[in-house]
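Student: need a 3D model of the following:
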Amino acid sequence: METQAGDPGAFAQFDLNRVDSPAFVVDAAKLRENLRVLADVRNRSGIKILSALKAFSMWSVAPIIGEYLDGVCTSGLWEARLASEHYDGEIATYCAAYKPDELLEICRLSDHVIFNTPGQIELCSQVIAHARTQGLDFDVGLRLNPMHAEGEVPRYDPCAPHSRLGFPIDQLEDDHIELVDGIHLHTLCEQDFVPLKRTWEALEPHIEPYFGHLRWINLGGGHHITRSDYQRDELVEFLIELQERTGAEIYMEPGEAVALDAGILTGTVLDSHYNGMPLAITDISATCHMPDVIEAPYRPAMLHEDEDGAGEKIRLGGPSCLAGDVIGDYRLPVPCKPGERIAFLDQAHYSMVKTNSFNGVPLPSIWLWDSETDQLEQIRSFGYEDFRNRLS
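Tutor: Modelled structure (predicted):
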């Protein structure tokens, strides 16, 4: 995969030596800029927009997100708890499968509880009924698989063959719709409006008989609405028409779009040597700090890299023992020697939530910078105790 972002923005002027290493730095001004774009789409179209915590759950900026959006979407009990403790607005929870002993609390915390299959709704029917007797007010939803693939990489495509995510649309029956208040679909990944429109055109014939019954339709995430080339006017027109045609309230759940180009991951060159090509080891680990580099895979953009320059490319890797802990090949903007600082762009979303401490590799600290005021604050640092206390 190729990253669809990587605009340095105000980070082009940021002094990497102002923070420790490794460190995530999030620009509050860029975050607000993204949120204003999302709020404008929301306001013009009349829909509701939720921020996806699975992509960006830096809860210290929850008050900023609450100024612009309608709430958050979560992926299970712990994210729902985080949402209830720190975020304003609605909470929509979807999980591929719920544990019965966790579902009652999820129902208490959530406005929408979305199931993966009708079978699980029926399996959990007693918990749902018990929650109702306790006076809990929540809607039940069903995630659908439109069986229309738009993804570039099958492992990231919820509509790939044999996908476990969502109920196949060709199996949907009237009895299934009677169980729910709304439907959910999440089929895109870093994509613009055209794939969304094609997906809806594939789905609509199957659900048109239920227009008027459905209270809401959730279009999920994967929408790069804040990217400069996204067709936002066309999206607004589509969303207005969708509400009129379906009679349902429309939701969207962007994750990456909230924090797109709003954060960097900065680190330090620790050593360099040569083995058929120049090599460098950094305190940034693909395995521990940017696992999507290996899982997707993709090549993150580097701050100030001269991609078309004449300099020799250097293969960067992390300090872990995993042979595959390789970030990529780069023309560094600094000399390749110990102590030099580098940074990778567009790391606020997914990288932050996926970090781990395999091999005892330290977790990056987290900083909040406001490029408009130049205010810089360390939000969190991680020590040995954080590594030790997750083990036994």
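Student: for the residue lying closest to Ala286 once chain neighbours are set aside, give me phi and psi.
Tutor: Excluding the flanking residues, the one nearest Ala286 by Cβ to Cβ, 6 or more residues apart in numbering is Val293, at 4.2 Å. Using the backbone N, CA and C atoms, a C-beta is placed for each residue, glycine as well. Taking degrees, to the nearest 10, you get phi -60, psi -30 for the backbone angles of Val293.
Student: does Val293 touch Gly328 like I think?
Tutor: Yes - at 7.2 Å, Val293 counts as touching Gly328 under the criterion of Cβ atoms under 8 Å.
Student: if I look at these two, which residues touch both of them?
Tutor: Arg299, Pro300 (Cβ atoms under 8 Å, 6 or more residues apart in numbering).
Student: on that earlier part again, need the contact list for the residue nearest to Ala286.
Tutor: Ala286, Arg299, Pro300, Ile327, Gly328.
Student: how much space separates the third one from Gly166?
Tutor: As for Pro300, its distance to Gly166 is 29 Å (criterion: Cβ to Cβ, to the nearest Å).
Student: what is the end-to-end distance of stretch 304-317?
Tutor: Length of stretch 304-317, first residue to last, Cα to Cα, to the nearest Å: 18 Å.
Student: and the contacts of that stretch?
Tutor: By Cβ under 8 Å, 6+ apart, stretch 304-317 touches 8, 12, 272, 277-282, 284, 286, 325-333, 336, 342.
Student: tell me the domain ranges of the protein?
Tutor: 9-25+262-388, 46-259 (automatic domain parsing).
Student: show me what contacts the nearest residue to Ser320 once chain neighbours are set aside?
Tutor: Once flanking residues are discounted, Ser320 sits nearest to Asn359: 4.3 Å by Cβ to Cβ, 6+ apart. Taking Cβ under 8 Å, 6+ apart, we find Asn359 in contact with Thr287, Cys288, Pro319, Ser320, Cys321, Leu322.
Student: for those residues, work out which two are farthest apart.
Tutor: Cys288 and Cys321 (11.4 Å; Cβ to Cβ).
Student: ok, these two, which is more surrounded?
Tutor: Using other Cβ atoms under 10 Å as the criterion, Cys288 and Cys321 rank with Cys288 on top: 24 against 10.
Student: so that one sits in a strand?
Tutor: No - Cys288 sits outside any strand when classified using DSSP: H, G, I helix; E, B strand; the rest coil, being helix.
Student: relative to Tyr298, how far out is it?
Tutor: Cys288 is 17 Å from Tyr298, by Cβ to Cβ.
Student: phi, psi of Ile91?
Tutor: Per degrees, to the nearest 10, the backbone of Ile91 is at phi -130, psi 120.
Student: and the residue nearest to Glu249 when sequence neighbours are not counted, bridged to which residues?
Tutor: Among residues not flanking Glu249 along the chain, Trp216 sits closest, at 4.4 Å (Cβ to Cβ, 6+ apart). Following DSSP bridges, Trp216 is listed with bridge partners Gly182, Glu249.
Student: kindly report the same for Ser272.
Tutor: Bridge pairing for Ser272 - DSSP bridges - gives Ala280.
Student: make a markdown table out of the domains of the chain and add distance to Ala39 and mean pLDDT.
Tutor: As requested, those are exported to a markdown table (distance: least, Cβ to Cβ, whole Å; pLDDT from 0 to 100):
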| stretch | distance to Ala39 | mean pLDDT |
| --- | --- | --- |
| domain 9-25+262-388 | 15 | 96 |
| domain 46-259 | 4 | 97 |
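Student: which stretches in the stretch 101-250 of the chain count as strands?
Tutor: 112-115, 139-145, 167-168, 182-184, 216-218, 249-252 (DSSP state E, counting those that start in this stretch).
Student: so which bits of the second one are buried?
Tutor: Residues Val140, Gly141, Leu142, Arg143, Leu144, Asn145 are the ones in strand 139-145 that count as buried (16 or more other Cβ atoms under 10 Å).
Student: what's near enough to touch the third one?
Tutor: It refers to Leu142. Leu142 neighbours (Cβ under 8 Å, 6+ apart): 114-115, 117-118, 121, 167, 176-177, 179-180, 182-184.
Student: repeat that for 7 Å
Tutor: Ile114, Phe115, Pro118, Phe167, His176, Val180, Ile183, His184 (Cβ atoms under 7 Å, 6 or more residues apart in numbering).
Student: list just the nearest of the residues you listed to Glu244.
Tutor: Comparing the contacts of Leu142 against Glu244 with Cβ to Cβ places Ile183 closest, at 17.5 Å.
Student: the closest one contacts Asn145, correct?
Tutor: No - with contact defined as Cβ atoms under 7 Å, Ile183 does not reach Asn145; the gap is 11.0 Å.
Student: give me the most central residue, this structure.
Tutor: Ala55 (2.2 Å; Cα atoms, centre = their mean).
Student: please enumerate the helices of the stretch 201-350 of the chain.
Tutor: 232-246, 256-259, 286-289, 292-295 (DSSP state H, counting those that start in this stretch).
Student: likewise for the stretch 1-150 of the chain?
Tutor: Counting by DSSP H, counting those that start in this stretch, the helices of the stretch 1-150 of the chain are 28-45, 62-68, 77-86, 100-109, 118-123, 125-133.
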